[in-house]
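Engineer: Build me a structure from this.
(2 chains)
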Amino acid sequence: MTAPLLEVEDLHVEFRTRDGVAKVLNGVGYQVNAGETLAVLGESGSGKSVTAQTIMGILDTPPAFVTKGAIRFHGEDLLSASDDRRREVRGDGIAMIFQDALSALNPVFTVGFQIEEQLTVRRGMTRKEARARAVELLDLVKIPNARNRVGEYPHQFSGGMRQRAMIAMSLALDPEMLIADEPTTALDVTVQAQIMDLLRDIQKERDMGLILITHDLGVVADVADRIAVMYAGRIVEHADVYQLFRAPGHPYTESLLESLPRLDLKGQELKTIKGLPPSLTNIPSGCPFHPRCPRAVDVCRTEVPANHRLGLDRTSACHFAEEVVSRG
Amino acid sequence: MSDPGASGAGLEKAAASAVGDLSHVDDSSQKQGKPRSLWSDAWGELRRKPTFIISLVIIFIVVVMAVFPSLFTSVDPRAANLDNYLKKPSADAWFGYDVQGYDVYARAIYGARASLLVGLFSTLLTVLIGSVVGIVAGYAKSWIDSLLSRFGDIFAGVPFVLGAIVILTTFNSPTENPSATRIITQVVLSIAALSWPVSMRIMRSATLVAKQQDYVKAARGLGASPLRIVFRHLLPNTVAPVLVYATIALGAFIGAEATLAFLGIGLRPPVVSWGVMISESRDYFQAAPHMLLFPAAFVTITVLAFVILGDAVRDALDPKSR
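Structural biologist: Okay, here's the model as predicted:
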């Protein structure tokens, strides 16, 4: 078997701040193949976005330092690659979509210019060719009347259209891998569905690898092939989307699924996960989830659970993984 | 007048908020049709402002005065006639004559050129040095930022007049008689050397705000080089507050020219400038107040015009005020 398109291995990242060292990633690892969608799920502050930004190499150092691990794109380790090489990979190899498209588009340039810029600089196109390609791309992301809107500024676009423009921008250099960092969080529900459909279509059509960062379980169920659940800077469960929804293998995933509002339980109190995600400057000993875990026992407080294999391509970082799965 | 630093300090704060706002331009103001940028919006706003129009007209007149002084007077500003010693204003000579028998009106007209040149070049240099250093400091790693910022603080810490006296008397003692170009260059350089930290701070804080924006991350994420990010993506977003400062500073520097000339260390005869004229009136003020009042009025009105213009531009570039 050939190497996966993108492979993240045992990634450790810490933020050295004045208030101490925050261990933001503590051994994150996942793989994405071409044409596959991996959803990275987790609460705010669990390290989803930091992982993505580390892959892109756009974290600011200081405060962020990668202390351990590897990121391999086509088998090539990006962390040890030169700055120039990394820059080549960005846009061309891996591109990223941001959550808030308005702030991710430069307010002083037209939408068209921001797409064309990459094409003229990186592809050596003339401005006319680039303009034509920008219109094609805006068409592709289903912006109506693309020919006329290409010359407009981001503030003249609606929220959904900005996100479409952002997607068009990231597709300009035909990346093999797309990272979408909560692409629909800032949008309303109907637009969310449109954007997700669009992303899925484009991904299938181009056989791209897609990492979808989200905290929306509904979105995940719809489009993802596999899911990695993150908690306190590590992946606590990694599973096929059907398996995960049918029988979660980690108490945290279980609690997440239980806290979904359900129509058949209307009128009852909504279950929540008690407590707050741990402070990353002071991660609890043992399993980081133990203070909030309904099944925590003594061993959870002292020993960091290893990744238990629960079948092909499925792991869970819980001392009682097998038990949790079988119960679900 | 005169310390240009004073007007800069307040602006610095405004600069930070103005940049943050650029990315949140109010959607409701948009109309279908022509795309409207921040600048075209600002222009639409400015066009309807009487203070903007008035200050622009004044500045236009002063500029024409500086470029074509012969349009305003046919009298030679260097024609001294001691018969006219300190004559009061009359129909013949609207502003009277000075101690050398020069026509004050003609000299005030011809003086515009040197005063404006000093203001213009000092501003250009200040903004250029300040912007480059500021944007580098704002974007670069923390130790480069600290280094550049502290370096700027050294210059900002020197009181303006004191610093200028030290620089100008060192490079050319009052007993010398330097050429017009040399003395203008020296005055411009010393004003710029003492004022660039202000525009540097404005640029730096604007850059700090702008570089946090996602579009900078997005540009990096799509593989843009640092130079491209700084000059293509950051600069257009940070230039507005510096532009406002530049407009106000231009006025302030014309005032600074007058201050330095008055102290006898700036421009000096044979150069004709408003500052030089005010300086010459020093000993005769009580006997012939017109020698002081007319050039002083030219300075005041010009400085005022630039300050009002700067105010209007700032209001127009701040989307929050709409």
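Engineer: how about the helices in the chain?
Structural biologist: By default, I'm working from chain A. For chain A, applying DSSP state H gives helices covering A:48-56, A:83-92, A:101-104, A:111-122, A:127-140, A:146-149, A:159-171, A:189-206, A:217-223, A:241-246, A:251-258, A:298-302, A:321-327.
Engineer: not quite, I wanted chain B
Structural biologist: Using DSSP H, helices in chain B cover B:4-22, B:38-47, B:50-67, B:104-139, B:142-157, B:160-171, B:180-211, B:214-221, B:226-228, B:235-262, B:274-280, B:290-317.
Engineer: Just checking the distance from the shortest one to the centre of its chain.
Structural biologist: Going back to what we said before, that points to helix B:226-228. 29 Å (CA atoms, centre = their mean, to the nearest Å).
Engineer: thinking again about what came up before, could the helices of chain B be laid out in JSON lines, adding mean neighbour count, distance to chain A and mean pLDDT?
Structural biologist: To be clear about C-beta, it is placed using only N, CA and C from the backbone, and glycine gets the same treatment. Output for these, formatted as JSON lines (neighbours: other CB atoms under 10 Å in any protein chain shown; distance: least, CB to the nearest CB, whole Å; pLDDT from 0 to 100):
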{"stretch": "helix B:4-22", "mean neighbour count": "18", "distance to chain A": "5", "mean pLDDT": "46"}
{"stretch": "helix B:38-47", "mean neighbour count": "16", "distance to chain A": "6", "mean pLDDT": "77"}
{"stretch": "helix B:50-67", "mean neighbour count": "16", "distance to chain A": "22", "mean pLDDT": "88"}
{"stretch": "helix B:104-139", "mean neighbour count": "23", "distance to chain A": "11", "mean pLDDT": "88"}
{"stretch": "helix B:142-157", "mean neighbour count": "14", "distance to chain A": "7", "mean pLDDT": "89"}
{"stretch": "helix B:160-171", "mean neighbour count": "16", "distance to chain A": "34", "mean pLDDT": "86"}
{"stretch": "helix B:180-211", "mean neighbour count": "23", "distance to chain A": "9", "mean pLDDT": "88"}
{"stretch": "helix B:214-221", "mean neighbour count": "24", "distance to chain A": "4", "mean pLDDT": "84"}
{"stretch": "helix B:226-228", "mean neighbour count": "12", "distance to chain A": "7", "mean pLDDT": "85"}
{"stretch": "helix B:235-262", "mean neighbour count": "25", "distance to chain A": "4", "mean pLDDT": "86"}
{"stretch": "helix B:274-280", "mean neighbour count": "26", "distance to chain A": "38", "mean pLDDT": "84"}
{"stretch": "helix B:290-317", "mean neighbour count": "21", "distance to chain A": "12", "mean pLDDT": "85"}
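Engineer: Please identify which of those helices is closest to residue A:152.
Structural biologist: Taking CB to CB, helix B:38-47 is the member of the helices of chain B nearest to residue A:152, at 12.6 Å.
Engineer: can you give me the offset of that closest one from its chain's centre?
Structural biologist: Averaged C-alpha coordinates place helix B:38-47 at 22 Å from its chain's average position (CA atoms, centre = their mean).
Engineer: now stretch A:271-289
Structural biologist: Relative to the mean C-alpha coordinate of its chain, stretch A:271-289 is positioned 21 Å out (CA atoms, centre = their mean).
Engineer: now do the same end-to-end measure for that stretch.
Structural biologist: Stretch A:271-289 has an end-to-end distance of 17 Å (CA to CA, to the nearest Å).
Engineer: Nearest approach to residue A:4 belongs to which of the helices of chain B?
Structural biologist: Evaluated over the helices of chain B, closeness to residue A:4 peaks at helix B:214-221, with 21.1 Å, by CB to CB.
Engineer: Find the residue at the geometric middle of chain B.
Structural biologist: Nearest to the mean C-alpha position of chain B, by CA atoms, centre = their mean, lies residue B:250 at 1.3 Å.
Engineer: Report the contact partners of it.
Structural biologist: Shown in contact with residue B:250 (CB atoms under 8 Å, 6 or more residues apart in numbering or on different chains): B:119, B:120, B:123, B:306.
Engineer: any chance of the helices of chain A in JSON lines, with distance to residue A:265 too?
Structural biologist: Shown next, in JSON lines, are the helices of chain A (distance: least, CB to CB, whole Å):
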{"stretch": "helix A:48-56", "distance to residue A:265": "28"}
{"stretch": "helix A:83-92", "distance to residue A:265": "45"}
{"stretch": "helix A:101-104", "distance to residue A:265": "35"}
{"stretch": "helix A:111-122", "distance to residue A:265": "44"}
{"stretch": "helix A:127-140", "distance to residue A:265": "41"}
{"stretch": "helix A:146-149", "distance to residue A:265": "45"}
{"stretch": "helix A:159-171", "distance to residue A:265": "32"}
{"stretch": "helix A:189-206", "distance to residue A:265": "21"}
{"stretch": "helix A:217-223", "distance to residue A:265": "15"}
{"stretch": "helix A:241-246", "distance to residue A:265": "17"}
{"stretch": "helix A:251-258", "distance to residue A:265": "10"}
{"stretch": "helix A:298-302", "distance to residue A:265": "28"}
{"stretch": "helix A:321-327", "distance to residue A:265": "19"}
